[in-house]
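[1] I'll drop the sequence and a predicted model, then ask my questions.
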Amino acid sequence: MTISTAVGYATHELEYGFIPGFIVALLLQLLVFNTAKYIRDSIMTVKIKSLQLEEIKSFEQQGIDLNCAHCKESVFVPIRLDQQNSFECSACGKNNAVYVNMTVARETDSINMDAITTRLLVDDEERVKDEIRISGSKQE
């Protein structure tokens, strides 16, 4: 509105009248801003669709080499978690179902193997010393 008011004042000073200048400036302002908004929204829509296509392509790359259940031919099969997976073997042309099984396990802390190994070595050393003492006392 400030721009329209300034244009209206300028047209009033030029003796064209405030109201006609204000209305023309207001309409031009609305036209320019709505056109800019339309162009911006169109560009954003194209970018969003492009990102969605890239995401779908990355899902297609997630797959595994599987053997056909009929002819044992190795086939790369894209795996999607949002739908049932199946494929048609390129060698024998028969359909195969793919079942995805996931297992959940608790995370655990790793064991300090150095302490266990050191303890075992000390135990082994003590056992050998005891054997030497016992065998030494038997020889005397």
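    Arrived safely.
[2] quick one: residue 90 from residue 39, how far?
    The gap separating residue 90 from residue 39 is 46 Å, by CB to CB, to the nearest Å. All C-beta spots, glycine's among them, are computed from the backbone N, C-alpha and C.
[3] typed the wrong thing, it's residue 27
    19 Å.
[4] One more: residue 50?
    Distance of residue 50 to residue 39, given as CB to CB: 17 Å.
[5] for residue 92, same thing?
    Distance from residue 92 to residue 39, by CB to CB: 53 Å.
[6] neighbours around residue 89, how many?
    20 (other CB atoms under 10 Å).
[7] Let me fix that, I meant to ask about residue 43.
    10.
[8] try residue 106
    Residue crowding around residue 106 was assessed by other CB under 10 Å; the count is 4.
[9] helix or strand right after the top helix by length along the chain?
    Determined from DSSP state H, the single longest helix within the chain is helix 18-61. Downstream of helix 18-61, the next assigned helix or strand under DSSP states H and E is strand 63-67.
[10] which secondary structure elements does the helix or strand following that next one contact?
    Of the helices and strands lying after strand 63-67 in sequence (DSSP H and E), the nearest is strand 74-78. For strand 74-78, the elements it packs on are helix 18-61, strand 63-67, strand 85-88, judged by 3 or more CB pairs under 8 Å, 6 or more residues apart in numbering; DSSP states H and E.
[11] Going by neighbour count, list what's buried in the second one.
    Meaning strand 63-67. 63, 66 (16 or more other CB atoms under 10 Å).
[12] So which residue is dead centre in this protein?
    Per CA atoms, centre = their mean, the C-alpha nearest to the average position across the chain is that of residue 55, at 8.1 Å.
[13] Per-residue pLDDT of that residue, please?
    Per-residue pLDDT puts residue 55 at 82.
[14] before we move on, what about residue 46?
    Residue 46 is given a pLDDT of 96.
[15] so what are the domain limits for the protein?
    Per the record, the chain has its domains at 2-59, 62-98, by automatic domain parsing.
[16] Could you measure from the residue nearest to the centre of the chain over to residue 107?
    In terms of CB to CB, residue 55 sits 29 Å off from residue 107.
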